[in-house]
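Novice: Got a predicted structure plus its sequence, pasted below:
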Amino acid sequence: MAAGLVDTGAASLATFVVGVSAFQLLDATELGVYALLFGAFVWLALLPTNVYLTPVEIALLRRDRHERLHAIGASLTRGLGLSLIAAMILIAATWAVAARAAADVSTEALTALTLTSAGVLVVSPLQDHLRRLFHLAARSELAAATSVVQLVAIAVALPIMVARSVGSAWIPMGALFVANTLSTTFAVLIAHRSAGGFRRHVLPDWRHLRRLGGWLVFQGGIQKGANLAASSILAIGGGLVAVGEVEGARVVAQPLLVMSLGLAASLGPRSMEAAGARNVGAAKHLRRIYLLWLLSVGLAYLVYAQLPGSVNIMRALVPAAYVSAGLVAIQLIASLLSSISAPYRSELLATGRERSLGLIELLAAILLLGTTAATVGVLGPYSVSVAAAAAASARWATRKVLADRMLKT
């Protein structure tokens with residue numbers, strides 16, 4: 001579990017540093033475009049991740065842990081093709097709506113933000129896949145090393161790009177692209193050495209993964225697409241500056257996500273194995289460990305994030321998040337509610353309940369968009385965070401009910 005926390009801690013800190021640099025380097029309108037592009041990046045990353053990479057990982061649970069690393073070579077090759085397609089979609093979609101959605105942003109800044117986001121979209125899903133396979137192979141220390149390399153690369157790349165007077169719009173996602181490329185290369189090299197070479201025959205047949213991949217794409221596409229649509233509703237009803245404020249609140253919530261992702265990285269594969277074997281005692285024990293750590297750290301951080309600037313460094317790093325009083329607190333509550341349901345998702349995936357997960361996500365998306373649209377005129381930037389909390393509550397309740405029923409059968 002310690003290695004899992006180091007892994008996601010370093011990776012999330014790298015993304016956090018990039019987010020902070022965006023708030024320091026971009027003006028308010030550029031920041032709104034950055035937030036929308038980041039949302040589009042998260043959404044389109046589902047194409048390689050959910051269509052192919054995650055189904056491969058779930059199928060490999062049936063293999064011996066050491067054998068899981070043998071599939072890396074072939075899975076990366078196929079995943080890269082899907083990542084390139086996703087990047088091309090991002091570029092085409094951005095330029096298709098540029099005249100309307102980013103009229104106040106210069107062509108140079110729009111080009112820089114678009115191309116660097118597309119570059120990150122190519123590499124990031126592959127790096128995440130490698131780290132997840134390391135955890136599945138019980139080699140979490142290799143995942144941690146990969147994320148540490150990424151963090152160090154960010155720490156070096158950002159000041160170099162600033163010192164060389166690179167255009168500010170090129171810097172945030174450009175530095176992340178450099179760091180992800182270096183850390184992915186490092187991960188491939190150590191995986192090859194650790195596995196004693198890659199073997200194509202270990203890779204599951206794609207025909208057996210299509211149904212799972214289809215439902216994962218539906219589930220993830222609905223969730224990420226709804227988040228992006230909610231930001232778009234806010235951009236239309238409240239302006240790009242309001243979108244930037246919400247993005248700031250999400251950046252402040254990043255440390256909480258570090259904890260949840262770290263716990264999920266190390267405990268998630270074990271939860272899947274326990275649920276697959278219908279080991280009720282083990283599954284519930286893993287739930288308790290996850291919830292105890294998440295709630296303890298999450299509630300402590302919620303208190304810290306409300307402290308004055310003399311104590312709370314976030315107010316200085318991300319001032320946009322604190323323009324609207326209470327926005328950070330609402331976003332943190334929403335993030336905590338969203339993170340609580342992670343163990344139930346692992347259990348349901350391991351037992352073939354991907355269709356149910358997709359339908360749950362559809363319910364949550366309807367609630368998110370409906371609440372945002374109904375309240376944006378009154379609540380402004382608060383509307384998205386309030387709607388996210390409502391959707392997360394519905395997602396948690398329904399996943400828990402289904403997971404409890406599944407374990408009893």
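Specialist: Sure thing, it's come through. Residues are numbered from 1 along each chain as shown.
Novice: Could you check the pLDDT of Ile333?
Specialist: Model confidence at Ile333, expressed as pLDDT, equals 92.
Novice: pretty sure it contacts Leu302?
Specialist: Yes: in terms of C-beta atoms under 8 Å, Ile333 counts as a neighbour of Leu302; the distance is 7.2 Å. The way it works is simple: take the backbone N, C-alpha and C, and place the C-beta from them, glycine included.
Novice: ok, Ala96 to Leu113 distance?
Specialist: 15 Å (C-beta to C-beta, to the nearest Å).
Novice: Looking at the two, which is more packed in?
Specialist: Summary of the neighbour comparison: Ala96 and Leu113, criterion other C-beta atoms under 10 Å, with Leu113 having more neighbours (26 against 10).
Novice: With the flanking residues excluded, which residue is spatially nearest to the most centrally placed residue in the chain?
Specialist: Of all residues in the chain, the one closest to the mean position by C-alpha atoms, centre = their mean is Val42, 6.6 Å from it. Distance criterion C-beta to C-beta, 6 or more residues apart in numbering; nearest residue to Val42, sequence neighbours excluded, is Lys224 at 5.3 Å.
Novice: count of residues packed around the one you found?
Specialist: Residues contacting Lys224 under the criterion other C-beta under 10 Å number 21.
Novice: again, but for Gly248
Specialist: When neighbours are counted by other C-beta under 10 Å, Gly248 comes out with 29.
Novice: ok, now the one 4 residues further on?
Specialist: Residues near Val252, counting by other C-beta under 10 Å, number 28.
Novice: Give the buried residues for stretch 42-62.
Specialist: 42-60 (16 or more other C-beta atoms under 10 Å).
Novice: mind checking the end-to-end distance for that stretch?
Specialist: Stretch 42-62 has an end-to-end distance of 29 Å (C-alpha to C-alpha, to the nearest Å).
Novice: tell me the mean pLDDT over that stretch?
Specialist: The average of the pLDDT scores along stretch 42-62 is 81.
Novice: Next, find the distance separating the residue nearest to Val42 from Glu361.
Specialist: Lys224 is 10 Å from Glu361, where distance means C-beta to C-beta.
Novice: What residues does Leu36 make contact with?
Specialist: For Leu36, the set of contacting residues under the criterion of C-beta atoms under 8 Å, 6 or more residues apart in numbering consists of 101, 228, 231-232, 235, 243.
Novice: Which members of these are the farthest-apart pair?
Specialist: For the contacts of Leu36, the maximum inter-member distance is 12.0 Å, found between Ala101 and Leu228 (C-beta to C-beta).
Novice: I'd guessed the residue nearest to Val42 sits against Gly39; true?
Specialist: Yes: the criterion here is C-beta under 8 Å, and Lys224 meets it with Gly39 at 7.5 Å.
Novice: What separation is there between Gly377 and Ile233?
Specialist: 10 Å.
Novice: neighbour-wise, which of those two wins?
Specialist: More crowded of Gly377 and Ile233, by other C-beta under 10 Å: Ile233, with 19 against 10.
Novice: and that one, what are its phi and psi?
Specialist: Phi and psi for Ile233, reported as degrees, to the nearest 10, are phi -60, psi -40.
Novice: Leaving out sequence neighbours, find the closest residue to it.
Specialist: With C-beta to C-beta, 6+ apart as the measure, Thr372 is the residue that lies nearest to Ile233, at 5.1 Å, once sequence neighbours are left out.
Novice: check contacts around the one you found.
Specialist: If a contact means C-beta under 8 Å, 6+ apart, then Thr372 has 230, 233-234, 383-384, 387 as its contacts.
Novice: which one of those has the most neighbours?
Specialist: Ranked by neighbour count (other C-beta under 10 Å), the contacts of Thr372 have Val384 at the top, with 32 neighbours.
Novice: list the contacts for it?
Specialist: For Val384, the contacting residues are 230-231, 233-234, 246, 372, 376, by C-beta under 8 Å, 6+ apart.
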